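S.K.: Sequence and predicted structure are below.
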Amino acid sequence: MKHMQLALLLAGALALPAYAAMDNMPGMGDAHQAASKPHQDPADPSFVAHGKLNRIDVEAGTVNITHGPIRALSWPGMTMGFRVVDKSLLKGLRAGDEVNFDLAKGPGGSYIISRIAEAK
């Protein structure tokens with residue numbers, strides 16, 4: 001029994017740094033933890049990206065996108081959720097659309113979409 005408790009304690013201790021590192025990765029905080037109304041500071045730079053829309057929630061002002069690498073942020077390609085700075089940006093977009101979008105730092109340091117348009 002002691003060995004099992006020790007093994008569980010050790011496993012938990014090894015997992016904590018990896019779990020904590022996820023919150024420290026710039027812009028990787030939960031999109032829903034940001035303030036209810038996203039805000040973009042015009043002085044903050046934006047980062048251009050390309051991806052495919054998986055889900056759109058116009059009412060919540062959120063999207064789920066599978067995007068390619070964003071070298072300026074040192075992000076690999078991945079699937080993640082984002083808030084948009086204004087829900088009207090989502091008009092006319094549908095799941096499955098290929099899009100170009102700009103990311104800007106939002107409240108709490110997470111990234112929000114400041115521009116999004118169907119890729120032509």
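M.R.: It's in. As the structure is a prediction and not an experimental result, all values here were calculated from the model.
S.K.: Just the mean pLDDT for the longest strand anywhere in the chain, thanks.
M.R.: Secondary structure of the chain per DSSP state E: the longest strand is strand 46-57. Average pLDDT, strand 46-57: 96.
S.K.: The helix or strand following it versus strand 46-57: what angle between them?
M.R.: For strand 46-57, the succeeding helix or strand toward the C-terminus, using DSSP states H and E, is strand 62-67. Interaxial angle, strand 62-67 versus strand 46-57 (axes from the mean of the first three to the mean of the last three CA atoms, to 10 degrees): 120 degrees.
S.K.: Extract the CA atoms of strand 62-67 and return them as PDB.
M.R.: Provided in PDB are the C-alpha atoms of strand 62-67 (Å, rounded to 0.1, in the frame of the first residue of the first chain):
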ATOM      1  CA  THR A  62     -16.300  32.200 -30.300                       C
ATOM      2  CA  VAL A  63     -14.800  29.900 -33.000                       C
ATOM      3  CA  ASN A  64     -12.800  26.700 -33.100                       C
ATOM      4  CA  ILE A  65     -10.100  26.700 -35.700                       C
ATOM      5  CA  THR A  66      -7.500  24.300 -36.900                       C
ATOM      6  CA  HIS A  67      -4.600  26.500 -37.900                       C
END
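S.K.: Would you mind listing the buried residues in it?
M.R.: By neighbour count on 16 or more other CB atoms under 10 Å, the buried set for strand 62-67 is Thr62, Val63, Asn64, Ile65, His67. All C-beta spots, glycine's among them, are computed from the backbone N, C-alpha and C.
S.K.: Please tabulate those in CSV, including the columns distance to Leu93 and pLDDT.
M.R.: Shown next, in CSV, are the buried residues of strand 62-67 (distance: CB to CB, whole Å; pLDDT from 0 to 100):
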residue, distance to Leu93, pLDDT
Thr62, 12, 97
Val63, 8, 98
Asn64, 12, 98
Ile65, 11, 98
His67, 15, 97
